[in-house]
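>>> need a structure here:
(2 chains)
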Protein chains: 2
Amino acid sequence: MSKKYLSEFLRNISNDLVLKSSFVKLFLSMKYSYLFIAFFLLSIVSKAQQTDLMPVPASVVMNKTNFRLSPNFSIAINGQADERLYKEASRFFQRLSERTGLFFKTWNVTIKNVNPLASLQIHSNKKGIVQINMEESYELLVDDSKISIKAETDIGAIRGLETLLQLIISDEKGFYFKGVTIKDSPRFAWRGLLISQPYHFMPMDVVKRTLDAMAMVKMNVLHLYISDDQGYTIESKVFPKLHQQVSGGNYFTQVQIAEIIQYADQRGIRVVPEIDLPGHSTAILTAFPELASIPRAYQLQDHWGVFDPTVDPTKEKNYVFLDTLLTEVASLFPDHYFHIGGDENTGRDWAKSIPIQAFMKEKGLNSTVSLQNYFNKHIQSILKRSGKTIVGWDEILMKKMDDSTAKAHFEKGEFEQLIEQEVPKDIVVQSWRGMEALLSSAKNGYKSILSKGYYIDLVQPTSYHYLNDPIPFRNKVITPDSEANLNRFESEIIKKIQNGEKILTSKEEELIIGGEATMWTEHVSAETFDSRVWPRSAAIAERLWSPATVRDVDDMYRRLDIISLQLEWVGSTHLKNKEMMLRRIAGVENIQVLENVIDFIEPVKGYKRNAANNFTKYSPYSLLVDIAVPDPSPLRAFNKLVDSLIQQPTAIQIKSLYRQLNFWKSNHQLVQAMAVNKPLLATITKHSASLNTISNYTLKFLEMKERLQIPAQQWMKEYMQVLNESMRPAGYCELLIGESLKKMVTNYK
Amino acid sequence: MSKKYLSEFLRNISNDLVLKSSFVKLFLSMKYSYLFIAFFLLSIVSKAQQTDLMPVPASVVMNKTNFRLSPNFSIAINGQADERLYKEASRFFQRLSERTGLFFKTWNVTIKNVNPLASLQIHSNKKGIVQINMEESYELLVDDSKISIKAETDIGAIRGLETLLQLIISDEKGFYFKGVTIKDSPRFAWRGLLISQPYHFMPMDVVKRTLDAMAMVKMNVLHLYISDDQGYTIESKVFPKLHQQVSGGNYFTQVQIAEIIQYADQRGIRVVPEIDLPGHSTAILTAFPELASIPRAYQLQDHWGVFDPTVDPTKEKNYVFLDTLLTEVASLFPDHYFHIGGDENTGRDWAKSIPIQAFMKEKGLNSTVSLQNYFNKHIQSILKRSGKTIVGWDEILMKKMDDSTAKAHFEKGEFEQLIEQEVPKDIVVQSWRGMEALLSSAKNGYKSILSKGYYIDLVQPTSYHYLNDPIPFRNKVITPDSEANLNRFESEIIKKIQNGEKILTSKEEELIIGGEATMWTEHVSAETFDSRVWPRSAAIAERLWSPATVRDVDDMYRRLDIISLQLEWVGSTHLKNKEMMLRRIAGVENIQVLENVIDFIEPVKGYKRNAANNFTKYSPYSLLVDIAVPDPSPLRAFNKLVDSLIQQPTAIQIKSLYRQLNFWKSNHQLVQAMAVNKPLLATITKHSASLNTISNYTLKFLEMKERLQIPAQQWMKEYMQVLNESMRPAGYCELLIGESLKKMVTNYK
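Model (predicted):
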């Protein structure tokens, strides 16, 4: 290592860091990695002036006072409130006690707690009802003498309690709440998370801790996806064959469904069920093959994908069956909305069936879409009798057409041409295909919610989801980032917006009522579910709650690291199961050397894992790819560090890079030692070897640059090859430091 | 640091360690702690020749073959088996897949799997019934071509599957089972774990993962403690006020009780309920004050301890009530045993009641014990009608008398004088007071199970529980270790045994049918429950399953570290919640520097935490004392290292001590930096400061010794004071390295 840098570095310490240099010197004397130090320092830098809240409230005004916590802290509830507020206030008390270690006399907040001198005064004007457009606004005031939460309903008050818990901070004297005046209400009414149960079943404890975490970030819809080709996952009393024969043993009883709904209701969260029809129905057809479009030996799928089995929409007796079933399911879920799926019907079984083809001819239904529409109308009238509004995926509204036709219609403003005209207006479209559906449905007076861009199962970076706005049709919120992952049609729209066109009227915009993160569970187990959902969904929750102008990615990531810990404290296993699973593949307790590698690895994104077609319901979801998480903080920090070298690097930045590269080199030897006779460490060893090789080349490169030497062309070629090689997936995992290093090498000054 | 030692150390490396010196050099070049290195090395030392099984089977013969695992691995079940074996074999398949990363075609083992060429052939002669004395024996054979498990019942086969999972090992070619012939059966029929629900309620997921872990170590009784002064924790349909008003909102529905029993049954585990009567009954009396011995404003306790409220045993209508209640509870639990408590009746409320006193006079009942006996007989006859045998704590059998009277009777062989003569013979005594009760009940023909010495809530070292034999009345198994924690009476017995007396006949010994670890939940939350139960209970499980001669403490600890990881993989949170809770008190993700301290800290033992009387149902169980665990491996390793210095120390041992002491010094500075503005880190910082001071003194001491200097008397006094001070509890935690260092200082050569 260059002596020159070291001395320059030591001279510069006080400029570079907010801390006393003695600590920095101490760190440097210990052989920790750069990133360990960076995170350690971060943790002890006071951020008392910033708001760490996630989601960011509509309005925050900090004041200079603090409310000091003591064992005498007390809560009073006034006005009208549902029982749920008393329970949530008691849970707040328990969490406060756990977080602060304070010994309160009791955690119980009951109807009797109305002491006007209580520290926290909660006022709720009326009992809330957990349903669409529920009133969630609140005002929170903290000063040095009191705290108050005022809300129109107890649901708003519960949102306020979650905000308050995020305001806890401490100093040498103890814990306190930061002084603040917050006026808050959500931007969108529908802020959901979908859990698909048929692929990998998420049992009660996973569902409950997910609801706890959702409540923390103010999400308000749990979309419970019940039925698919791989299983039917709730008890049916009218057709018990469904849970007895085609659940694979994994289902919720009706009592448990009630328990989930009650648990969600307490937290101000709706539960919307989905029975996917007429496709995605192998489970139902395995139990009741007489409903199928064609005769076939039906059996539960254990693979992932889109399959042909489809309910026959032409038989009247099928509607009798579905009436009985859907009416039962509808009766279990009090919410007014009911999702009927409607996606990915291949149409192949309908095409194969002579009676169905004859039926279509007779009725003048000239396409799969028309026939499905005929089916949907029946289903809708069934559910209407149960008082339900139906929700469906894009396909229940959108015509099938190619991009150029769509574009042509769009350019002529013929939005009515893009949709099926006979679809009744009182449905909600959930868009998995994107802007085209959102735009067309809004233009035609349909309500919609966005899911494209919120597919968290595809393990994409948080920033991608964060910048994905449900209403991108407004000039001011378009950014280059949100243009990633657009289809051609969407790009056209973006161009129009950038040319100053106003795409939707305010009234049309109001029809876009929210969004939903979708956790499709093909490639997760109950062990890994949390690390796919959290903390990334907290950023989606912010997108849906906070003002559209809150879009600072760096600040989002800063706050995401904070909320990530808090999510753990309400039960999420996204951090602790990483460690457990590393211990399992290593067979030893201390896995720090492996963490030093996995911190820079991500699972392959999108549908790459499906492409291999290796995975089924009986695959091990306990491998490196299942342990790695999208955009881990250390990876982001490292790439940021490298990027900084392209600008004007400080001595400490250069020193930090040296340190990290040397650290990887020695860590690799420990990884190799640990990996002896451990087959499940082969993949991580491979990535560690890449880090080792990259480190060797990069250190050499930096030294040559420092000595003003010009690297040989052949050597540079090798170096580039090393960087390119390192980015090739191994074990469905990617090591993603190559791009930033390539950029640095190209631009290094 | 002494250069002399360093060079000597490097010369000696190859003698000291089994590994190539290059790795050792590598380690030494990195500033890890001694203990990190020790554990790391341990993990890569092959132990293929030893059996790691816990509990150790009755007979194990290793052979040199190995059965290689491949994706084609398959399981066939022959003979007669309950459905539970198919489910457990499928669960075995899933766990095997998770552990090995192998992609099997399916995990499902059904009645159709009878392929004679399947890799694992399971044969069960008949369906087992999960009840006392169930048949649990099995034979397991592994060679290079096949694996077979043969058992009299499917329950035995399930025990064999757990053993097989512990035989997985790997090398560079992949995973395999070690070749072995095992013939195994339990030493004791009753191998239980008690969970008390009224203090801190352990919800369904905790109970389920506890059952999974129990099955792993072949425990077979879950003792569900339902009712106490702090709550009544199951649904009652006959008296719904019990769960509605005095459960504190925490109870299992009857459907959930059935779910627990079914879950346990699948794993060959009985569930025995306990309704503690006539004392420990504040919850019942709060709901039904008319049952009480004296009028009083009854309300649920939120403190811990022994309280006066007691059911009135003189009113006939109370037995009508209890008949209705106990008959309902009995109907929920299929097991033939029912625990009625009977402990810690203070008798004070009975003494205060004029009608009760009059009743006693009338009936000639001249003591609390006699009156309680009158009560017990009623309860027993009620439960007999439900087909139940009753179990009770010592008090239901033993007379109350002082030690000297007991001793006198004992010396004269008057065992019948020690017990209440009118107690029917068909009860089981659960002994929490110890040897006296065991001995007396056996001598008088009563069955008994031991719990004294298995009170895992008292956070004592594993070795203490491990050496605590339910039948200590045999010369060969008495060791000095097991003499710890004896009362005077017990010491007398031990002396007799050591003088060669045979205390119990073989027939009497057979009346001691097992033992139970008791997890009283005053000082645990659902977050910390697992770390109080595991891995220590695995050692108790071994005591109760394995031959009495299996008593090697070092080997137990070696295997405990292995089983500890495996317990985590079936869901126990004892390792991962430690990390989560450290993150919570620190408010940062990377808490390695804190782990470096907590690894040497233990919670205070016994009832010291109760003494403070600070703790209630509403206390935070999220503090350092709740994170620390009994006898952590690093602490044991350090004390062992120091002990070795008293013998003939090797250079590497001396070097290791230097390294560890220096490591603590620098780590302390990081702890201090992290603790700024973190009130909940005050306690750990205090202990870290002790480590720092101890390190300074000890390094100085070692250096003086090395230079053959004699430390000044005053300085030595200070040093001793530092060591003594360090052992004083802070925050209910003890730092326990002082004793070994004091011994070293005194004996250092």
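
>>> C-alpha from now on. contacts and neighbour counts both.
Noted.

>>> do you know the pLDDT at residue A:504?
Model confidence at residue A:504, given as pLDDT, is 90.

>>> do the same with residue A:411
pLDDT at residue A:411 comes out at 79.

>>> residue A:162: which element?
helix A:154-165 (DSSP states H and E).

>>> average model confidence for that helix?
98.

>>> ok, the helix or strand just after that helix near chain B or not?
Using DSSP H and E, the helix or strand that follows helix A:154-165 in sequence is strand A:168-171. Yes. Using C-alpha under 8 Å from any C-alpha of the partner chain, a contact is recorded between strand A:168-171 and chain B, made by A:170-171.

>>> circling back: give me the contact list for the helix holding residue A:162.
The contact list for helix A:154-165 (C-alpha atoms under 8 Å, 6 or more residues apart in numbering or on different chains) reads A:53, A:80-82, A:84-85, A:88-89, A:92, A:96, A:122-130, A:134-140, A:149-151, A:177, A:215-218, A:267-268.

>>> next: stretch A:213-228.
Counting by C-alpha under 8 Å, 6+ apart, A:54-55, A:159, A:162, A:190-198, A:211, A:232-234, A:267-276, A:280-284, A:538, A:541-542, A:545, A:567, A:570-572 sit against stretch A:213-228.

>>> if we can go back for a sec, just the buried residues of the contacts of helix A:154-165.
Neighbour counting by 16 or more other C-alpha atoms under 10 Å in any protein chain shown classes A:53, A:80-82, A:84-85, A:88-89, A:92, A:96, A:122-125, A:127-130, A:134-140, A:149-151, A:177, A:215-218, A:267-268 among the contacts of helix A:154-165 as buried.

>>> among these, name the ones in helices.
A:84-85, A:88-89, A:92, A:96, A:215-216 (DSSP state H).

>>> residues touching residue A:534, list them.
Residue A:534 neighbours (C-alpha under 8 Å, 6+ apart): A:564, A:567, A:572, A:574.

>>> oh sorry, the question was meant for residue A:599
A:628, A:632-635.

>>> what number of residues lie near whatever residue of the stretch 351-500 of chain A ends up closest to chain B?
Relative to chain B, the nearest point of the stretch 351-500 of chain A is residue A:462 (18.6 Å; C-alpha to the nearest C-alpha). Neighbours of residue A:462 under the rule other C-alpha atoms under 10 Å in any protein chain shown: 24.

>>> burial count for the residue nearest to it when sequence neighbours are not counted?
In space, residue A:462 comes closest to residue A:536 once its chain neighbours are excluded; the distance is 5.3 Å by C-alpha to C-alpha, 6 or more residues apart in numbering or on different chains. Using other C-alpha under 10 Å, residue A:536 has 25 other residues around it.

>>> one more: residue A:568?
Count around residue A:568 with other C-alpha under 10 Å applied: 22.

>>> do the same with the one 5 residues further on
Applying other C-alpha under 10 Å, we find 25 residues neighbouring residue A:573.

>>> test my guess that it contacts residue A:530.
Yes. Counting by C-alpha atoms under 8 Å, residue A:573 does reach residue A:530; the two are 5.8 Å apart.

>>> look up the closest residue to the residue in the stretch 101-250 of chain A positioned nearest to chain B, ignoring the ones flanking it.
Distance from chain B to each residue of the stretch 101-250 of chain A (C-alpha to the nearest C-alpha) is smallest for residue A:171, at 3.8 Å. Distance criterion C-alpha to C-alpha, 6+ apart; nearest residue to residue A:171, sequence neighbours excluded, is residue B:677 at 3.8 Å.

>>> you'd agree that neighbour is up against residue A:172?
Yes. Between residue B:677 and residue A:172 there is a contact at 4.3 Å, judged by C-alpha under 8 Å.

>>> between those two, who's got more neighbours?
The neighbour count for residue B:677 versus residue A:172, taken as other C-alpha under 10 Å, is higher for residue B:677 (19 against 12).

>>> report the mean confidence score over the one helix or strand residue A:561 maps to.
Assessed by DSSP H and E, residue A:561 sits inside helix A:553-569. Regarding helix A:553-569, the rounded mean pLDDT is 96.
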